[in-house]
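[1] I'll drop the sequence and a predicted model, then ask my questions.
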Amino acid sequence: MLEYLSQGLVIALSWENLLFMLFGTILGLVFASIPGLTFSTALILLIPLTFGLEAVPAISVLLGVYAGGMSGGSISAILLGIPGTPSAAATVIDGHEMAKKGEAGRALGMAVYASVFGGIFSLLVLMLVAPQLASVAIKFGPPEIFALVVFGLSTIVSLSGTEVVKGLLAGLFGLLLTTVGLDPVMGLQRFTFDQPGLMVGIGIMPVMIGMFALPEIIDTFLEAKKNKGQQRDDTQNKKVKAAFPTFKEIRKTFVLMVKSSAIGTGLGAIPGTGGPIASFLAYDQARRSEPKCGTGRVEGVGAPEAANNGVTGGALIPLLTLGIPGDSATAIMLGAFLIHGLAPGPLLFQNFGDLVYAIFISILIIYLMVLVIQFFGIRLFVKVLDFPKVNLMIIILAISVVGSFAINLNFSDVIIMFFSGLLGYFMKRYGFPITPLILALVLGYTIEDNFRKSLVFSDGSYSIFVQNPVSLVFLTLALVILLAPFVKPWLQRRFSKKKALQ
């Protein structure tokens, strides 16, 4: 092991490898920070450029895009209120609230700290317990994944705040949207209304861009019209300064960071789950530790960022040890491994131990690069807030249109983005939380896919979901969480009546 470690260190610290790591990290940060341009797109674009490289630099540049992209999604989530990636959707809730209060630098600093914490935590897990964790993850079949995702969906209750019923209705509507398009089993059209653009379904990114961006744009334009002729107050933006978490905040959030990183690493090791589920589950933990989450708290920024970056190391566990990609990004990287003659699996550690440890060391260096780039870049990022808000919103509107179209080169996505924005505006106006709808849209496809696979395996018997102890535990926990807001008041009334009679 020490021999592999020393050889891997020499390979990882070569100037060529460091240069490509830096390039990939910057590219990932840029792509993820622009709504509509996901780091998966950057990975796909880079694959052909890695053909002429050695194996480790080729893998390192892709890992740089992966880690940088997962961290970079928080930039637009905090500054603009638009998640750069689906994994940053939970970061918007508190991150953008902090930006509105003039604490954008503090929010970005917490996001960077949490991202690096989660990434390095998952790397340590990857190095220490990869084979053991992968052996557990591989046992998760469709029933277990279905139950796990339903458990993730149950966090709608905590994400809804005091409007639980409205949150559940928004979540059900999000699940309904996932049924639009072609039936994944039969291939028949569902709710497309003979519109060819809807045959591919309702995309997650156009809906997210529309629901998070357009309500803010509409409110800004209406406010500008109302305050026409009045002098704009820039004092709040001038006070924005970059700030990493204080020692007190680090100490206070340390346990939450560990929990969130563990959630991300564990879910990342289960193929088909990924960052969005992990970030929302971690945000649920943040709300439990800090009830004021949702009003602009660092816990609400740190928890989802630690979780979605924890996914990076977790997703590499089944990839490296079993040759099974944990998410779409590692599926792309699997192709790069095979192109360069590295077949992921148990023999990879035996035959290419030096290269594996070079990859591990490269991941550590990449996260240090993320820390440095974002730390010095924060001063540049917060300059976005110095723009006149109306002008900034015009730019955001243009980016939203281009970003929505660029995802699939489909103009229908632009129309979906605008309709989603109008829906988001009216939901916001009438007190319906947006986040439950987004969460349901993110998880709905996985729920349906694994639900139907389970029924195929069981010949249509629903008992498959309760026969396995793992799925039974997750479904029971989901049921408890969903019923808790309704049962708790009833129990409190019963208790108060009994106390009054005494």
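    On my side now, so go ahead.
[2] how close does S33 get to F280?
    Distance from S33 to F280, counting by C-beta to C-beta, to the nearest Å: 21 Å. Bear in mind the C-beta positions are built from the backbone N, C-alpha and C, glycine included.
[3] How many residues are close by R190?
    Other residues lying near R190 total 14 when counted by other C-beta atoms under 10 Å.
[4] Kindly report the same for K139.
    Under the neighbour criterion other C-beta under 10 Å, K139 is assigned a count of 10.
[5] Kindly report the same for the one 10 residues further on.
    A total of 26 residues lie near V149 under the criterion other C-beta under 10 Å.
[6] With neighbour numbers in mind, choose between S33 and F280.
    F280 (30 against 25).
[7] tell me how far whatever helix or strand the more buried one lives in is from the chain's mean position?
    Per DSSP states H and E: F280 is located in helix 275-289. Taking the mean of its C-alpha atoms, helix 275-289 sits 10 Å from the chain's own mean (C-alpha atoms, centre = their mean, to the nearest Å).
[8] Dump the C-alpha coordinates for that helix into PDB.
    Provided in PDB are the C-alpha atoms of helix 275-289 (Å, rounded to 0.1, in the frame of the first residue of the first chain):
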ATOM      1  CA  GLY A 275     -27.000  14.700  -5.300                       C
ATOM      2  CA  PRO A 276     -30.600  16.100  -5.300                       C
ATOM      3  CA  ILE A 277     -31.900  13.500  -2.900                       C
ATOM      4  CA  ALA A 278     -28.800  13.800  -0.600                       C
ATOM      5  CA  SER A 279     -29.000  17.600  -0.500                       C
ATOM      6  CA  PHE A 280     -32.700  17.600   0.500                       C
ATOM      7  CA  LEU A 281     -32.300  14.900   3.100                       C
ATOM      8  CA  ALA A 282     -29.300  16.900   4.500                       C
ATOM      9  CA  TYR A 283     -31.400  20.100   4.500                       C
ATOM     10  CA  ASP A 284     -34.000  18.300   6.500                       C
ATOM     11  CA  GLN A 285     -31.300  17.500   9.100                       C
ATOM     12  CA  ALA A 286     -30.400  21.200   9.100                       C
ATOM     13  CA  ARG A 287     -34.000  22.200   9.800                       C
ATOM     14  CA  ARG A 288     -34.100  19.800  12.700                       C
ATOM     15  CA  SER A 289     -30.900  21.300  14.200                       C
END
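[9] Which secondary structure elements does that helix sit against?
    Here helix 275-289 touches helix 89-100, helix 142-153, helix 156-159, helix 247-268, helix 298-322, helix 435-457, going by 3 or more C-beta pairs under 8 Å, 6 or more residues apart in numbering; DSSP states H and E.
[10] just so I know, which of these lies nearest L177?
    Closest approach to L177 among those (C-beta to C-beta): helix 435-457, 5.6 Å.
[11] Please spell out which residues along the closest one are buried.
    435-455 (16 or more other C-beta atoms under 10 Å).
[12] per-residue pLDDT, D94?
    Per-residue pLDDT puts D94 at 90.
[13] Please name the residues that touch it.
    A107, C293, G294, T295, G296, R297, V298, E299, G300, V301 (C-beta atoms under 8 Å, 6 or more residues apart in numbering).
[14] For G264, state which of those is nearest.
    G264 lies nearest to V301 out of the contacts of D94, by C-beta to C-beta, at 14.7 Å.
[15] looking at it, the closest one is touching A114, isn't it?
    Yes. The criterion here is C-beta atoms under 8 Å, and V301 meets it with A114 at 7.0 Å.
[16] and these two? which has more neighbours close in?
    V301 (36 against 32).
[17] one step back: wait, which of the helices and strands packed on helix 275-289 is closest to F193?
    helix 435-457 (18.9 Å).
[18] What helices and strands are in contact with that closest one?
    With contacts taken as 3+ C-beta pairs under 8 Å, 6+ apart, helix 435-457 sits against helix 89-100, helix 142-153, helix 156-159, helix 164-177, helix 204-226, helix 275-289, helix 464-467.
[19] for the helices and strands packed on helix 275-289, which one sits closest to S496?
    Among the helices and strands packed on helix 275-289, the nearest to S496 by C-beta to C-beta is helix 156-159 (22.9 Å).
[20] thinking again about what came up before, okay, the angle between the helix holding F280 and helix 435-457?
    120 degrees (axes from the mean of the first three to the mean of the last three C-alpha atoms, to 10 degrees).
[21] buried set for helix 275-289?
    For helix 275-289, burial by neighbour count (16+ other C-beta under 10 Å) applies to 275-287.
[22] For it, the averaged confidence score.
    Rounded mean pLDDT across helix 275-289 is 85.
[23] now do stretch 435-452
    Rounded mean pLDDT across stretch 435-452 is 82.
[24] Return the distance of it from the chain's centre.
    With C-alpha atoms, centre = their mean, you get 14 Å for stretch 435-452.
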